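1. With the sequence up front, the predicted model follows.
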Amino acid sequence: MRKSMNRRCSAVTGADFEWSDLRYLLTVARSGSLTAAARQMGVEHSTVSRRITALETALGAKLFDRRTGGLLLTPQGERLMAAAEGMEALALSAQGEIAGADLGVSGTVRIGAPDGFGTVFLAPRLGAFSRQHPALEIQLLAMPRLISLSKREADIAISLSRPKEGRLHARKLTDYRLGLYAAVAYLETHGPIESRAALGRHPFIGYIDDLIYAPELDYVPLVARELKPRIKSSNLVAQMEATRAGAGVCVLPCFMGDAMPDLVPVLRGEVSLTRTFYLVTHTDMRDLARVRAAADFIASEVGQARARFLGAP
């Protein structure tokens, strides 16, 4: 083993190898392009390119293949990536242990969440969390797509399912219910909706089929098989706003629909769906003070609002 390692590293000397260049390798590999990596690291595109070239020269190995869709790790790059991630994990572990409580919670924490949860529930509560930790910068990604913790797109992700692979840790936050909603003004104009069969006579609002990013969101067939949404959006908040404006009927989480005084539930006793929110962190990051504080805050806020997530009877 030692001879094999010596052969692989024969081109590397202490003067040639810059350990800091491994940060560039990690960021480029996770983002898929030099431009995205430069943006994440706050440096010029040319700096990232130069550091990757220097790393390849020092190691005497090609680390990335340039493809039309971006950069992909070569087999040599994948081996180095594994080693670099191990070093990153050690550094993060040391930071978590040494940056003691006496220094307080500081730095930056990025939270990725579905657009409905992030915008309607979490965003209004972040002010209180910020006041608790004035040295902490909080970044919220409230987006209708999956957030990759393995690519370090965020430190914490709110997910609709437990991760099945990767070095990730998940804990259940809460179940939440969804139901049909329509605007009060809409029902006053078009009359009450008294059965599933009647839904076909009303405009339905839903997701764009090929942009449904999680199977848990494909719930229109569960409401009524013949339903064909006339208005579609990849964004749940946009769907809610269209419903509030009287465009038709929509499936919404109860924690969103019940909070809007101009919306009322439709067929609540007949149409009810249940889904689950999970809080996911990367194993390497979960013990960092800033990540732990944010995760505990989110779990506490969700716990206090559990009745809101489950909806009114």
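-> Done, it's in. Numbers count the residues shown, from 1 in each chain.

2. got the residue ranges for the helices in the stretch 151-300 of the chain?
-> Assigned helices in the stretch 151-300 of the chain, in chain order: 184-190, 220-223, 236-244, 254-257, 289-304 (criterion: DSSP state H, counting those that start in this stretch).

3. nearest to residue 60, of those helices?
-> The stretch from these with the least distance to residue 60 (Cβ to Cβ) is helix 289-304; that distance is 37.2 Å. To be clear about C-beta, it is placed using only N, CA and C from the backbone, and glycine gets the same treatment.

4. what's the closest one in contact with?
-> Contacts to helix 289-304, defined as Cβ atoms under 8 Å, 6 or more residues apart in numbering, come from residues 96, 99, 101, 105-109, 111, 121-122, 125, 129, 132-133, 136, 138, 155-156, 158, 171, 173-174, 277, 279, 281, 285-286, 309.

5. Now list the buried members of these.
-> Of the members of those, the ones counted as buried by neighbours, 16 or more other Cβ atoms under 10 Å, are 96, 99, 105, 109, 111, 121-122, 125, 129, 133, 136, 138, 155-156, 158, 173-174, 277, 279, 281, 285-286, 309.

6. List the strands paired with the longest strand along the chain, with their directions.
-> When the chain is scanned for its longest strand (criterion: DSSP state E), the result is strand 168-183. Based on DSSP bridges, the pairing partners of strand 168-183 within the sheet are strand 249-253 (antiparallel), strand 263-266 (antiparallel), strand 273-282 (antiparallel).

7. Distance-wise, check residue 57 relative to residue 133.
-> Counting by Cβ to Cβ, to the nearest Å, the gap from residue 57 to residue 133 is 43 Å.

8. now swap in residue 69 and tell me
-> Note on residue 69: its distance to residue 133, by Cβ to Cβ, is 39 Å.

9. ok, now residue 48?
-> Here the criterion is Cβ to Cβ. By it, residue 48 lies 31 Å from residue 133.

10. hang on, the earlier thing: what angle separates the longest strand of the chain from helix 236-244?
-> In terms of direction (axes from the mean of the first three to the mean of the last three Cα atoms, to 10 degrees), strand 168-183 departs from helix 236-244 by 10 degrees.

11. Skip ahead from the worst-scoring helix or strand of the chain on mean pLDDT and say which helix or strand is next.
-> Among the helices and strands of the chain, helix 2-8 carries the lowest confidence by mean pLDDT, DSSP states H and E, at a mean of 42. With elements assigned by DSSP states H and E, the helix or strand that comes after helix 2-8 is helix 21-31.

12. how about residue 263, what does it touch?
-> Residues counted as contacts of residue 263 (Cβ under 8 Å, 6+ apart) are 181, 182, 183, 184, 240, 243, 244, 252, 257.

13. give me the number of residues near the first one?
-> By other Cβ atoms under 10 Å, the residues close to residue 181 number 27.

14. Quick check, pLDDT for the closest residue to residue 183 other than its chain neighbours.
-> Distance criterion Cβ to Cβ, 6 or more residues apart in numbering; nearest residue to residue 183, sequence neighbours excluded, is residue 246 at 4.7 Å. Confidence at residue 246, expressed as pLDDT, is 96.

15. got it, and residue 307?
-> According to the per-residue confidence, residue 307 scores 94 in pLDDT.

16. Where does residue 78 fall, secondary structure wise?
-> Counting by DSSP H and E, residue 78 is part of helix 75-98.

17. what element comes up after the host helix or strand of residue 128 heading to the C-terminus?
-> With elements taken from DSSP H and E, the one containing residue 128 is helix 126-132. Secondary structure here is assigned by DSSP H and E; on that basis, the next helix or strand after helix 126-132 toward the C-terminus is strand 136-142.

18. same for that following strand, what does it pack against?
-> The helices and strands touching strand 136-142, judged by 3 or more Cβ pairs under 8 Å, 6 or more residues apart in numbering; DSSP states H and E, are strand 107-113, helix 126-132, helix 289-304.

19. so residue 275 bridges to which residues?
-> residue 176.

20. who are the neighbours in contact with it?
-> By Cβ under 8 Å, 6+ apart, residue 275 lies in contact with 160, 175, 176, 177, 178, 216, 253.

21. Over to residue 117?
-> Taking Cβ under 8 Å, 6+ apart as the criterion, residue 117 is in contact with 142, 158, 253, 277.

22. For residue 195, state which of those residues is nearest.
-> Checking the contacts of residue 117 against residue 195 by Cβ to Cβ gives residue 253 as the nearest, at 22.9 Å.

23. What separation is there between the closest one and residue 229?
-> For residue 253, the distance to residue 229 equals 17 Å [Cβ to Cβ].
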